[in-house]
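A.B. asks: Sequence first, predicted model second:
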Amino acid sequence: DLTENPLTALPSGSFLGFIHLQSLALPLALECPGGNDTWQNVTEDSSSRLCQGQRNPCNSSLQLAWPCPENSACAPDGPGLIQCLCDSPFHGYKCLREGAFPTLLFGGILGTATVSLSLLLWGSQRRKAKTP
């Protein structure tokens, strides 16, 4: 219920991730986030606007298909917002890589580089340390 808040506009992305939001009361000056087509029922009374029943924008026939890349699927991400999730076993930029992310290789290279750089810096700066 946001009816008593002195809002003039809803910042974009305010409801990002609110996929289970089913009822939202707003001041009359504000539109329902995502537009009225994003909600199953929009009612107005003397002081507020009530948006009820968030629709899944991925199943909407009102718009063209969402531009998700190949190997991915559209998923709701809040009122009027979508996200593209990679289908299994794809991952990475535009879901172009197939298979699992090489976690062990990535961690091994990162760990080795970190330890090597730390030892190099410790050894090169050790001669500058004064002993009491």
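C.D. replies: Received the coordinates, thanks. Numbering: from 1, shown residues only.
A.B. asks: Helix or strand: which one has Thr107?
C.D. replies: Careful, residue 107 is Gly; it's not Thr. helix 103-126 (DSSP states H and E).
A.B. asks: go on, Gln83?
C.D. replies: According to DSSP H and E, Gln83 maps onto strand 82-86.
A.B. asks: In contact with Ala100, which residues?
C.D. replies: 89, 91 (C-beta atoms under 8 Å, 6 or more residues apart in numbering). Quick note: C-beta positions are derived from backbone N, CA and C, even for glycine.
A.B. asks: Quick check: it vs Pro89, distance?
C.D. replies: 7 Å (C-beta to C-beta, to the nearest Å).
A.B. asks: again with Arg55
C.D. replies: From Arg55 over to Pro89 the distance is 31 Å, taken as C-beta to C-beta.
A.B. asks: where along this protein do the strands fall?
C.D. replies: 23-27, 39-44, 48-54, 72-76, 82-86, 90-91, 97-98 (DSSP state E).
A.B. asks: Give the buried residues for the fifth one.
C.D. replies: Residues of strand 82-86 classed as buried: 82-84, 86 (neighbour count, 16 or more other C-beta atoms under 10 Å).
A.B. asks: which residues sit against that strand?
C.D. replies: 57-58, 66, 68-69, 71-77, 92, 95.
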